[in-house]
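J.: I'll drop the sequence and a predicted model, then ask my questions.
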Amino acid sequence: MATNYLQQIAAQINQITESLDGTITQIEAINRRIEDNSKSLTESITAVNENMRLIIEVIKKGRSNTKETLVEIKKHMEDELKKIDLEKITKDEILAVQKLKDINNDVSENLYMAQLLNVIQGLREITGRAMAIKLKKENK
């Protein structure tokens, strides 16, 4: 009987050992997956950091190129202004510029008046509708 009891204990210990071996195998598999995911995440973060670094460099270069371009444009404009001789502008050219300004003012005024006329016509239509509605209500 003691032998039978010891065999049962040994069988149970073997089952526990086998169960623990399976659990250890599962834990090791989970650990490998965690390590793989960690490696993958680290690689992804490294790639993102490198991309951000490259983007920042492109932006910095673009800023410096823009600054250089603006400096070149300013220099070009200054050179062109130096070439213009204000004394060579004739009275006819001055009169032509003044006429263009006057025409621009007249066109602006006409556009303003046209817009004002549209507003007045809109108000007339609204008033006419309101009066028609009022007459319909009174006739009922």
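T.: Perfect, thanks for sending it. Fair warning: this is a prediction, and the values are worked out from it, not measured in the lab.
J.: now stretch 114-134: mean pLDDT?
T.: Stretch 114-134 carries an average pLDDT of 87.
J.: State which helix of this structure is the longest.
T.: For the chain, the helix with the greatest residue count under DSSP state H is helix 2-83.
J.: Show the subsequent helix or strand relative to that one.
T.: Per DSSP states H and E, the first helix or strand lying C-terminal to helix 2-83 is helix 91-139.
J.: low-scoring stretches of this protein, by residue?
T.: Within the chain, the segments meeting pLDDT under 70 span 1, 85-89, 140.
J.: Could you chop it up by domain?
T.: 1-84, 87-140 (automatic domain parsing).
J.: Reformat those domains as CSV; add mean neighbour count.
T.: (Glycine included, C-beta is placed from N, CA and C.) CSV is the format used below for these (neighbours: other CB atoms under 10 Å):
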stretch, mean neighbour count
domain 1-84, 10
domain 87-140, 9
